[in-house]
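Participant: Everything below, folded, please.
(one chain, ligands or ions: 1)
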Amino acid sequence: MTSSARLLIVGPQGSGKGTQGARIAQALGVPAVSTGDVFRANIQAGTALGEQVKAITAAGNLVSDELTGQIVRDRLSEADAATGFLLDGYPRNIQQVNDLDAFLTDRGESLDAVIELSVPREESIARLALRAQEQGRTDDTDEAIAKRLAIYESETAPILDVYRERGIVDQVDGVGTLDEITERITAALTARDITRPATV
Ligand code: AMP
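Facilitator: Below you'll find the model as predicted:
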């Protein structure tokens, strides 16, 4: 039997998608691919890519579709992503959905499920403010937070309509304990028969 677990987790900043994405990816034995993490790691390491995206991410704006798409395609071309992966933070707008579709279709693949993590706006903002105190992320300033939430609503939320039409979206309540939320996501994936893919 061939099985795959090609997943995407979507949610506003502060929804906990990074934490939940990492947990789910680990449970399924697939790599978590977070574009935000790639950018942050490069900024911290002072690479050319980091220098290129530093000001953009600090202001809460989006990095170009070309650059972000290339990073994702390179990562998904690695052997450990052959039967599954969990994307976190990409795609983030309709153009990126089209780019990802083209890449996956070329390989005879498609996304198996999209987890929409729902969290009320006030809760996201409260969590981001807390994270700003704890982690000191450069894009967790009030201004950048407002910008990122506005971009989420205008550019990212619409991608869910595209995936909803394909019948692959599971909306999960993102309020609760970490374990409760992980269990909800796991239940939604199990209902779709998505389990740890066999290694090739
Ligand atoms: P995140 O950790 O997902 O909130 O991403 C942090 C920042 O990285 C974002 O505010 C953007 O500046 C940049 N970024 C992450 N993913 C993308 C993407 N798919 N397209 C463009 N920019 C991105």
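Participant: do you know how far whichever residue of the chain sits closest to the ligand is from Glu165?
Facilitator: Here the chain gets closest to the ligand at one residue, Gly36, 2.1 Å apart by Cβ to the nearest ligand atom. Where you see a C-beta, it was placed from the backbone N, CA and C, and this is true even at glycine. Separation of Gly36 from Glu165 (Cβ to Cβ, to the nearest Å): 26 Å.
Participant: Ok, Arg92 next?
Facilitator: 18 Å.
Participant: what's the answer for Gln44, then?
Facilitator: On the measure of Cβ to Cβ, Gln44 and Glu165 end up 39 Å apart.
Participant: Next: Gln70.
Facilitator: 27 Å.
Participant: who has more neighbours, the two?
Facilitator: In this view Gln70 and Glu165 are compared by other Cβ atoms under 10 Å, and Gln70 has more residues nearby, 12 against 9.
Participant: How about Ala22: what's its closest non-neighbour residue?
Facilitator: Leaving out its chain neighbours, the residue that sits closest to Ala22 by Cβ to Cβ, 6 or more residues apart in numbering is Ala32, at 5.0 Å.
Participant: Look up phi and psi at that neighbour.
Facilitator: Note on Ala32: its backbone torsions stand at phi -90, psi 130 [degrees, to the nearest 10].
Participant: again, but for Glu116
Facilitator: Residue torsions, per degrees, to the nearest 10, at Glu116 are phi -100, psi 110.
Participant: Now it: closest residue in space, sequence neighbours ignored.
Facilitator: Glu116 sits nearest to Gln171 (Cβ to Cβ, 6+ apart), 4.6 Å away.
Participant: That neighbour falls within a strand, correct?
Facilitator: Yes: according to DSSP: H, G, I helix; E, B strand; the rest coil, Gln171 belongs to a strand.
Participant: ok, back up a step: tell me the buried residues in the strand or helix carrying the residue of the chain closest to the ligand?
Facilitator: Assessed by DSSP states H and E, Gly36 sits inside helix 35-45. By neighbour count on 16 or more other Cβ atoms under 10 Å, the buried set for helix 35-45 is 35-36, 38-40, 42-43.
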